[in-house]
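Participant: pasting a predicted model and its sequence here:
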Amino acid sequence: HGSKGNLTVAQQLLCGGISGGVARTITSPLDVVKIIMQCQRGPVETRKYASVGHAFTSIMATSGIKGLWRGNGVALVRMIPYTAIKFAAFERYKPVFADEEGKLSNVRRLVAGALAGI
């Protein structure tokens, strides 16, 4: 631990990276289906997938459950460092905007989060 029981920068980066990787992996099936649905062209009647549910079942039938995580490895290469840096930056900004008691108002927390996301 860093001073006052806070996480070190390395620990913050690790926590942010892990959380981003887990979140991306959990939501990967939704992203795969979203991209497939967005890429369909032409009239609704001629599209390969009639609905989100149809896309899910078709992917499962043709590619198995692994098909729902297609492209997740590449997405993790982007997401892990991105969320690691955002989380560590947010943790660094929080003390800058905290009041004398070390507390953050909602507005100050919003500003710290916005700056971390830049």
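Facilitator: Good, I have the coordinates.

Participant: C-alpha from now on. contacts and neighbour counts both.
Facilitator: Noted.

Participant: report the residue spans of the protein with pLDDT below the cut-off.
Facilitator: Across the chain, the ranges flagged by pLDDT under 70 are 1-5.

Participant: scan it for its longest helix.
Facilitator: Determined from DSSP state H, the single longest helix within the chain is helix 9-39.

Participant: list the helices and strands it packs on?
Facilitator: Secondary-structure packing of helix 9-39 (3 or more Cα pairs under 8 Å, 6 or more residues apart in numbering; DSSP states H and E): helix 52-63, helix 72-97.

Participant: tell me the most buried of the ones you listed?
Facilitator: helix 72-97 (a mean of 18; mean count of other Cα atoms under 10 Å).

Participant: please convert the helices and strands packed on helix 9-39 to a markdown table, extending it with distance to residue 118.
Facilitator: As requested, the helices and strands packed on helix 9-39 are exported to a markdown table (distance: least, Cα to Cα, whole Å):
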| stretch | distance to residue 118 |
| --- | --- |
| helix 52-63 | 33 |
| helix 72-97 | 9 |
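
Participant: those: which one's closest to residue 19?
Facilitator: helix 72-97 (7.6 Å; Cα to Cα).

Participant: mind listing what's buried in the longest helix of the chain?
Facilitator: 9, 12-21, 24-25, 28-29, 31-33, 37 (16 or more other Cα atoms under 10 Å).
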